[in-house]
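Asker: sharing a sequence plus its predicted fold:
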Amino acid sequence: MTHVLVVDDDPVIADLVAFRLGRLGLDVTVENDGQAGLAAARQLHPDLIVLDWMMPRMNGLEVCAALRADADPELARTPVLLLTAKAQEPDLERGFAAGATDYVVKPFSPRELASRVTAALPPGSVLA
Amino acid sequence: MNAVPGAAMVATTALAALVVLLLLAVAGEHARRNRQVARELARRARLTPLVHDLLDGEPIDGDDALDPLLDEMVLDLLPQLRGSDRDTLTALLLERGVVDRATEELGHRAAWRRGRAVTLLGNAASPRHTPLLAELLGDPVADVRCAAARALGKTGDPAAIGPLLSALVADRPVTAGVVGMAVLDIGTPALPELRRALGAPSTVVQQMAATVLGLHGDPLASHALTTTVADPAAVPELRCAAAEALGRIGMPSATATLCAVLDAGRRPALQRAAATALGRICDPAGLDALVVGLGSPDRDVRATCAEALTASGPAGRRRLAARDSGTDATPAPRPREAQAAR
């Protein structure tokens, strides 16, 4: 089963994203801070990570950069979708420069997010 | 003789008892609050799947459906969402009477009740409440006026632009930062109204319109903004805002006017705004003016021109390096400009 890790310090948003992705038949794990998210990614090797930017202990960009620099090449290649309220053009540039695969700005459409996750995963990963 | 130590002992004992009582009261209050938080967390955990069911269009019933916390959870969620999930939750709030109750509270005597109602209506983001929210831009309490401005921003209704801009210069004004964020929140539907506001009688309103049009990068505003920058009779702050906006819009059609303003050398703040704009536009036709600006008698203008040349890309950086090494052929500023700048 395809596994997605959702890392967001707002439990309401994290639960909502997990719910929407769960509807796609994905196995979802939720973490609420950057450090725990990075540890979970190293332990679980998810197929995709949905990552908030502004989080306590370790922000999303730091997590993203740490993932891209990881010694495990499989983990370093994991698609990362940044979900953040930082909506300015330089923010997007910083996000992609840190290694994000895609970027979704809050306020966001959970259904659009689910479509972007589907697009970033290999074909057949989600329920039709 | 023994009366004084006895009284002291009684007082000390009473004080100690009071301290113990106080500590017990504080501990009791903490325990009560912790229990309250735990109960609410448990309620939220129970209600979260219901909110998700609602998003899937499934009806909910039972006692949990009547829990007012469900409305609060939906209201917390709304500002973070857009799209069909947001529409579903907004419809739910209307159906449950939450929006109607808030509308009734808009005229409440207590300012905090008015403010809460305004915020709720903003989160519900229904344009049908625009006139009611606009009225509260004139509320006697500044916090309520600010809440009304933010709420109008969330409605996304371009009809709110007029009242928001007017609130900048009202007898009881709303601060420019709050109005600016609200106008930005409305998004691109605001652009036609903002373009019209460039011709408003108030300079403050014009300045706000110019700034937000620039942040939107609206090319259709470019001509009017260029005219404003070139107008020597316009207020300097407005000309600066227009120049900054032109830089953000990035249309090379503004280059000649910005170069002329930079070259005129009369107002350092305006020259800096023009130089920054030229650096953003990256039009090769603006490089000469920036190189000339490096010889300005004003240190900040020189520094801004250098930054703008750096931002202009490889051609700008080459010109800057050539100027530094003395190999650039651009003439130094004419004495007239240097004198005028002084």
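Answerer: Structure's in. What do you need? Keep in mind that what you see is a predicted model, and the values were worked out from it rather than measured.
Asker: please make it C-alpha for all contacts and neighbour counts, starting now.
Answerer: Noted.
Asker: chain neighbours aside, what residue packs nearest to the residue of chain A found nearest chain B?
Answerer: Proximity of chain A to chain B (CA to the nearest CA) peaks at residue A:107, 4.2 Å away. Using CA to CA, 6 or more residues apart in numbering or on different chains and skipping the chain neighbours, the partner closest in space to residue A:107 is residue B:80 (4.2 Å).
Asker: give the helix, strand or coil label for the residue most central in space within chain A.
Answerer: With distances taken as CA atoms, centre = their mean, residue A:50 lies nearest the centre of chain A, 1.4 Å away. Put simply, residue A:50 is strand when judged by DSSP: H, G, I helix; E, B strand; the rest coil.
Asker: these two touch, right, it and residue A:64?
Answerer: No: applying CA atoms under 8 Å as the test, residue A:50 and residue A:64 come out as separate, 10.3 Å apart.
Asker: overlap in contacts, those two.
Answerer: In terms of CA atoms under 8 Å, 6 or more residues apart in numbering or on different chains, residue A:50 and residue A:64 are both contacted by the residues residue A:80.
Asker: next to chain A, which bits of chain B? Give me the list.
Answerer: Residues of chain B lying close to chain A (CA under 8 Å from any CA of the partner chain) are B:52, B:77, B:79-86.
Asker: who wins on neighbours among these?
Answerer: The most crowded member of the residues of chain B next to chain A, judged by other CA atoms under 10 Å in any protein chain shown, is residue B:86 (23 neighbours).
Asker: surely that one and residue B:78 touch.
Answerer: Yes: with contacts counted by CA under 8 Å, residue B:86 reaches residue B:78, the gap being 6.1 Å.
Asker: just checking, what packs against the host helix or strand of residue A:94?
Answerer: Assigning secondary structure by DSSP states H and E places residue A:94 in helix A:89-97. Helix A:89-97 sits against strand A:102-105, with contacts defined as 3 or more CA pairs under 8 Å, 6 or more residues apart in numbering or on different chains; DSSP states H and E.
Asker: related to what we said a few turns ago, quick check: the farthest pair among the residues of chain B next to chain A?
Answerer: Farthest pair in these (CA to CA) is B:52 and B:79. Separation: 16.2 Å.
Asker: list the contacts of residue A:125.
Answerer: Contacts for residue A:125 (CA under 8 Å, 6+ apart) come out as A:1-2, A:26, A:118.
Asker: give me the buried entries from these.
Answerer: Buried members of these, counted by 16 or more other CA atoms under 10 Å in any protein chain shown: A:2, A:26, A:118.
Asker: a markdown table for those residues, including pLDDT?
Answerer: Shown next, in a markdown table, are the buried ones among the contacts of residue A:125 (pLDDT from 0 to 100):
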| residue | pLDDT |
| --- | --- |
| A:2 | 92 |
| A:26 | 94 |
| A:118 | 94 |
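Asker: gap between residue B:54 and chain A?
Answerer: Using CA to the nearest CA, to the nearest Å, one obtains 12 Å as the distance from residue B:54 to chain A.
Asker: just the buried residues of stretch B:196-214, please?
Answerer: Buried residues in stretch B:196-214, counted by 16+ other CA under 10 Å: B:197-198, B:200, B:203-214.
Asker: show residues contacting it.
Answerer: Stretch B:196-214 is contacted from outside by B:165-166, B:168-169, B:176, B:180, B:183-184, B:191, B:194-195, B:221, B:224-225, B:235, B:237-238, B:241-242, B:244-249, using CA under 8 Å, 6+ apart.
Asker: report the longest helix in chain B, please.
Answerer: If you go by DSSP state H, chain B has its longest helix at helix B:3-55.
Asker: so how far is it from its chain's centroid?
Answerer: Put simply, helix B:3-55 sits 39 Å off its chain's centre (CA atoms, centre = their mean, to the nearest Å).
Asker: how many other residues sit next to residue B:122?
Answerer: Using other CA under 10 Å, residue B:122 is surrounded by 27 other residues.
Asker: go on, residue B:292?
Answerer: For residue B:292, the number of neighbouring residues by other CA under 10 Å comes to 20.
Asker: can I get the helix or strand where it lies as PDB, trimmed to CA atoms?
Answerer: Element membership for residue B:292, per DSSP H and E: helix B:287-293. The C-alpha trace of helix B:287-293 is given here as PDB (Å, rounded to 0.1, in the frame of the first residue of the first chain):
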ATOM      1  CA  LEU B 287      21.100  50.900 -17.500                       C
ATOM      2  CA  ASP B 288      22.500  54.200 -18.600                       C
ATOM      3  CA  ALA B 289      20.400  56.200 -16.100                       C
ATOM      4  CA  LEU B 290      21.400  53.800 -13.300                       C
ATOM      5  CA  VAL B 291      25.100  54.200 -14.100                       C
ATOM      6  CA  VAL B 292      24.700  58.000 -14.100                       C
ATOM      7  CA  GLY B 293      22.900  57.600 -10.800                       C
END
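Asker: how far does that helix sit from its chain's centre?
Answerer: Relative to its parent chain, helix B:287-293 has a centroid offset of 34 Å by CA atoms, centre = their mean.
Asker: ok, residues contacting the helix or strand following it?
Answerer: Proceeding C-terminally, helix B:287-293 gives way to helix B:299-311 as the next helix or strand, assigned by DSSP H and E. For helix B:299-311, the surrounding residues in contact (CA under 8 Å, 6+ apart) are B:268-269, B:271-272, B:275-280, B:282, B:287, B:290-291, B:293-296, B:316-317, B:319-320.
Asker: OK, contacts around the closest residue to chain A within chain B?
Answerer: Chain A sits closest to residue B:80 of chain B, with a gap of 4.2 Å, by CA to the nearest CA. By CA under 8 Å, 6+ apart, residue B:80 lies in contact with A:106-108.
Asker: I'd like to know which of these are buried.
Answerer: A:106-108.
Asker: for residue B:110, see how far away residue B:142 is.
Answerer: Separation of residue B:142 from residue B:110 (CA to CA, to the nearest Å) stands at 13 Å.
Asker: between those two, which one's more packed in?
Answerer: residue B:142 (16 against 10).
Asker: for the more buried one, give its distance to residue B:103.
Answerer: In terms of CA to CA, residue B:142 sits 19 Å off from residue B:103.
Asker: can I get the helix or strand residue B:154 falls within as PDB, trimmed to CA atoms?
Answerer: Element membership for residue B:154 (DSSP H and E) is helix B:142-155. Taking C-alpha atoms only, helix B:142-155 is exported to PDB below (Å, rounded to 0.1, in the frame of the first residue of the first chain):
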ATOM      1  CA  ALA B 142     -11.000  50.500  16.600                       C
ATOM      2  CA  ASP B 143     -10.700  46.700  17.100                       C
ATOM      3  CA  VAL B 144     -14.200  46.200  15.700                       C
ATOM      4  CA  ARG B 145     -13.300  48.400  12.700                       C
ATOM      5  CA  CYS B 146     -10.200  46.400  12.100                       C
ATOM      6  CA  ALA B 147     -12.100  43.100  12.400                       C
ATOM      7  CA  ALA B 148     -14.700  44.400   9.900                       C
ATOM      8  CA  ALA B 149     -11.900  45.300   7.400                       C
ATOM      9  CA  ARG B 150     -10.300  41.800   7.800                       C
ATOM     10  CA  ALA B 151     -13.800  40.200   7.400                       C
ATOM     11  CA  LEU B 152     -14.500  42.200   4.200                       C
ATOM     12  CA  GLY B 153     -11.200  41.000   2.800                       C
ATOM     13  CA  LYS B 154     -12.200  37.400   3.400                       C
ATOM     14  CA  THR B 155     -15.500  37.800   1.600                       C
END
